[in-house]
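Student: Sequence plus predicted model, see below.
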Protein chains: 2
Amino acid sequence: MTQIHQLTRRLQKKNDSKIVLLVADGLGGLPLKPGGLTELETARTPNMDQLAQRGVLGLSIPVLPGIAPGSGPGHLGLFGYDPLTYDIGRGVLEALGIDFELGSDDVAIRGNFCTLDENGLITDRRAGRIASDVGAALCRKLDEITIPGVEVSVRPVKEYRLVIVLRKKGLKGDVEDTDPQATGVAPLDPQARNTESQETADLCREFLRQAREILKDDAPANFLTLRGIACRPEIPTYEEVYGVRAAAIAVYPMYRGLARLVGMDVLDAGATLETQLDRLEAAWNDYDFFFLHYKYTDSTGEDGNFDAKVARTEEVDTAIPRIMALDPTVVIVTGDHSTPSKMKAHSGHPVPVLLAADSCRFDGSTEFGESACLRGGLGQFEAKYLMLQALAHAGRLEKYGA
Amino acid sequence: MTQIHQLTRRLQKKNDSKIVLLVADGLGGLPLKPGGLTELETARTPNMDQLAQRGVLGLSIPVLPGIAPGSGPGHLGLFGYDPLTYDIGRGVLEALGIDFELGSDDVAIRGNFCTLDENGLITDRRAGRIASDVGAALCRKLDEITIPGVEVSVRPVKEYRLVIVLRKKGLKGDVEDTDPQATGVAPLDPQARNTESQETADLCREFLRQAREILKDDAPANFLTLRGIACRPEIPTYEEVYGVRAAAIAVYPMYRGLARLVGMDVLDAGATLETQLDRLEAAWNDYDFFFLHYKYTDSTGEDGNFDAKVARTEEVDTAIPRIMALDPTVVIVTGDHSTPSKMKAHSGHPVPVLLAADSCRFDGSTEFGESACLRGGLGQFEAKYLMLQALAHAGRLEKYGA
């Protein structure tokens, strides 16, 4: 158990407070030119600026200084789970990304359809990037595979990508990829990294044996490789560690999945920020903590579209009045990492944080932006500590010691 | 393995970037009077000020807040090696300081010539501070000592100080000093702190037995005491943990030795900053990472000479144009600790850091100095994280997790 959760388990107390965590994915940015403004600083955000005046700002470090996180560690940090302690395997993330409900004994695997020649050597590691409907049809065939004592599920992701889930009590996930990362060679045999994972390696081998037979006439997708083989990590729930009933309102499956990992209830969110806010209002009396996820600040950043990221940031700002109308005890607006449109990628820059509550010690901020956050009252801190601030400002933590 | 190096081993990737780490030893300072300027703030440093405008500033904490480090931990921190995990014994530092190339099985010992009376009691723990040439001649005699199965090396340092190195596979270094830190008493017998170090204690005893015979007519230096007995620590190399080919360009042996400990190639640096820069230019295509060490900001600080430290800081500034002409991807200018001339000693004050790269989030800095660093975008951080920032801005780290 992490130090943070040892503390929160011991100090948590219940009250009627409400906490809203609004995550604008990839919120942090960069100016395009020296001395310029970032996307967030360029955006017209009157509501967040007003919130900054009654709250405190800061910068969060998602993992460690300089480290750019993926969505998994980025969100775990915000949720208060040390992203270096809780390492989520790629197969698990891929399963979460298609809304597959992983159980605690599941091993999840990312699969890639590939093309083998007559000698069994890989000629295309992505099976000619087959269309998604072709991939889905092949997954339905593979889903018929049965192995005694194990529940096998095969689901399509997109094009040549799929997810395989093996469900059996006690299965471990330390098995090497079978993708040799090269053409002209045969796929690798599944190798366990430790004796506890030998059974999983054997099950993978049996799965691949049957798959080879089933797919033999389906060139260019006449086989598959396995990658990112991983167990669902053992993660204590929000209810356990914080004593809060938490709900996730996210449009994209990946974020619903990450929320489910930490025991949040996943609510139907519709497809837009408006429908997410409708859901928030409807569920307001049923939960203590709400995680709202907004994707497009990240995707526009990944596209390298500065102006579009500015516009999407302004859209986030429009959500604030409806949230504040509910009179939350604590509101946090932040990102899971930075995605500067200048870099077209997640980056390791610290992430703007805005926390507003009646108990804030005002820091003189007048607007929400990276430069203001650098001078903000929360300072620079590891993202994993954000939940402590949220709970504290919600009055949900007892004093530590006498 | 430290958490930092677990991450960098996993995330490291290669590219054509170049990183320059310019260490002005003891760079951090203090104003002489309240409200005054530090040495760095007093110095005219137009080139570093310009660099500060396109980069980010911050303050590094060498070990933990308030702790003044020696050169060893100061540099290990900058190199990304937790100075509390990698504890370098004094004997090892002394050997590094005379350019002795320590092997991985070496035990290094600092020796002090001393004076014994006819009863074998110490009358002078420094043997009357004999001249260096006298000490060197005695070391040549001691270097003749042979012990079966062990390679024994004895080298002079200065005046009454010497280094003894014992080389034998598997030797451990946990042996108590034999210097009783008092006169009127006999030197102590070498005592092992654990059973693994018993052999080393026995070898020390045998060495001292022979040395007593050899030196018996050499009063005032008719014996020696052993201090800081220590193994060369097991440290993974830069190549292993960061995947970079690193070169050190340092005038003083101690810093060459510290660089060698982490696997840097030590290049001939000449005797001046000019010759160091010549070497940097000549080696530019052969390495990914360059550590340049400049000593005189520390030595003038230790002398308590504020004006001389200012002048030496201005000399460091003159190096910037030649470095920038090479178009490095990342340039860092910092110190391994503070050496305020007001204190005439290493101090625990945080150390100014300047990092310049195209991917910096500008922090509005217009000059390089302690006050500007306090408001800088890097914040205050433990020095061991600096290498993560360097690698991140050089594009040499993959994203953590998906």
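Tutor: Cool, the structure landed.
Student: And for the residue in the stretch 1-150 of chain A that chain B sits nearest to, nearest residue in space, chain neighbours not counted?
Tutor: Closest residue of the stretch 1-150 of chain A to chain B, CB to the nearest CB: A:G66 (3.4 Å). No exception for glycine: its C-beta is placed from N, CA and C like everyone else's. Of all residues not flanking A:G66 in the chain, B:A392 sits nearest, at 3.4 Å (CB to CB, 6 or more residues apart in numbering or on different chains).
Student: Okay, and the residue of the stretch 1-150 of chain A closest to chain B sits in which element?
Tutor: Taking DSSP states H and E as the definition, A:G66 sits outside all helices and strands.
Student: which helices and strands does the helix or strand bottoming out on mean pLDDT in chain A pack with?
Tutor: The helix or strand of chain A with the lowest confidence, counting by mean pLDDT, DSSP states H and E, is helix A:90-97 at a mean of 90. Packing partners of helix A:90-97 (3 or more CB pairs under 8 Å, 6 or more residues apart in numbering or on different chains; DSSP states H and E): strand A:106-116, strand A:151-158, strand A:161-167, strand A:223-231, helix A:253-261.
Student: Any chance of TSV for those, columns mean neighbour count and mean pLDDT?
Tutor: Shown next, in TSV, are the helices and strands packed on helix A:90-97 (neighbours: other CB atoms under 10 Å in any protein chain shown; pLDDT from 0 to 100):
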stretch	mean neighbour count	mean pLDDT
strand A:106-116	26	96
strand A:151-158	18	96
strand A:161-167	23	96
strand A:223-231	24	95
helix A:253-261	23	92
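Student: Mind putting those into a markdown table with distance to chain B?
Tutor: A markdown table is the format used below for these (distance: least, CB to the nearest CB, whole Å):
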| stretch | distance to chain B |
| --- | --- |
| strand A:106-116 | 9 |
| strand A:151-158 | 13 |
| strand A:161-167 | 13 |
| strand A:223-231 | 8 |
| helix A:253-261 | 9 |
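Student: Out of the ones you listed, which gets nearest to B:P340?
Tutor: Among these, helix A:253-261 comes nearest to B:P340, with 48.2 Å by CB to CB.
Student: And the contacts of that closest one?
Tutor: A:23, A:25, A:71-72, A:75-76, A:79, A:88, A:93, A:95-102, A:232-233, A:235, A:246, A:248, A:250, A:266, A:269, A:291, A:293, A:295 (CB atoms under 8 Å, 6 or more residues apart in numbering or on different chains).
Student: and stretch A:12-29, how far from the chain's centre?
Tutor: Per CA atoms, centre = their mean, to the nearest Å, the displacement of stretch A:12-29 from the mean C-alpha position of its chain is 15 Å.
Student: I should have written stretch A:219-235 there, sorry.
Tutor: Centroid displacement of stretch A:219-235 relative to its chain, using CA atoms, centre = their mean, is 19 Å.
Student: Using PDB, list the CA coordinates for it.
Tutor: This file holds the C-alpha atoms of stretch A:219-235, laid out as PDB (Å, rounded to 0.1, in the frame of the first residue of the first chain):
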ATOM      1  CA  ALA A 219      -4.400 -14.300 -45.800                       C
ATOM      2  CA  PRO A 220      -3.300 -11.500 -45.400                       C
ATOM      3  CA  ALA A 221      -4.500 -12.000 -41.900                       C
ATOM      4  CA  ASN A 222      -3.500 -15.700 -41.600                       C
ATOM      5  CA  PHE A 223      -2.000 -15.400 -38.100                       C
ATOM      6  CA  LEU A 224      -1.500 -13.000 -35.100                       C
ATOM      7  CA  THR A 225       1.200 -11.900 -32.700                       C
ATOM      8  CA  LEU A 226       0.600 -11.300 -29.000                       C
ATOM      9  CA  ARG A 227       1.900  -8.100 -27.200                       C
ATOM     10  CA  GLY A 228       1.700  -6.400 -23.900                       C
ATOM     11  CA  ILE A 229       0.500  -9.500 -22.000                       C
ATOM     12  CA  ALA A 230      -0.500  -8.300 -18.600                       C
ATOM     13  CA  CYS A 231      -2.700  -8.900 -15.600                       C
ATOM     14  CA  ARG A 232      -5.300  -6.500 -14.300                       C
ATOM     15  CA  PRO A 233      -3.300  -4.800 -11.600                       C
ATOM     16  CA  GLU A 234      -4.600  -5.100  -8.000                       C
ATOM     17  CA  ILE A 235      -5.800  -1.700  -7.100                       C
END
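Student: Next, count neighbours for A:D217.
Tutor: Neighbours of A:D217 under the rule other CB atoms under 10 Å in any protein chain shown: 6.
Student: For it, which residues are in contact?
Tutor: Listed by CB under 8 Å, 6+ apart, A:D217 has no contact partners.
Student: cool, and A:D265?
Tutor: A:R245, A:A246, A:A247, A:A248, A:Y287.
Student: Present those residues as JSON lines; the columns should include secondary structure.
Tutor: Supplementary listing: the contacts of A:D265 in JSON lines, determined by DSSP: H, G, I helix; E, B strand; the rest coil:
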{"residue": "A:R245", "secondary structure": "coil"}
{"residue": "A:A246", "secondary structure": "strand"}
{"residue": "A:A247", "secondary structure": "strand"}
{"residue": "A:A248", "secondary structure": "strand"}
{"residue": "A:Y287", "secondary structure": "coil"}
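Student: Would you convert those residues into JSON lines that also reports pLDDT, distance to chain B and neighbour count?
Tutor: Below are those laid out as JSON lines (pLDDT from 0 to 100; distance: CB to the nearest CB, whole Å; neighbours: other CB atoms under 10 Å in any protein chain shown):
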{"residue": "A:R245", "pLDDT": "98", "distance to chain B": "27", "neighbour count": "15"}
{"residue": "A:A246", "pLDDT": "98", "distance to chain B": "22", "neighbour count": "21"}
{"residue": "A:A247", "pLDDT": "98", "distance to chain B": "24", "neighbour count": "23"}
{"residue": "A:A248", "pLDDT": "98", "distance to chain B": "19", "neighbour count": "24"}
{"residue": "A:Y287", "pLDDT": "98", "distance to chain B": "27", "neighbour count": "20"}
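Student: and the two most separated of those residues?
Tutor: A:R245 and A:A248 (11.7 Å).
Student: and the longest helix seen in chain A, what other elements does it pack with?
Tutor: Ranked by residue count under DSSP state H, the longest helix found in chain A is helix A:306-325. Helices and strands touching helix A:306-325, by 3+ CB pairs under 8 Å, 6+ apart, are strand A:19-24, helix A:39-42, helix A:46-54, helix A:273-283, strand A:289-294, helix A:296-302, strand A:330-334.
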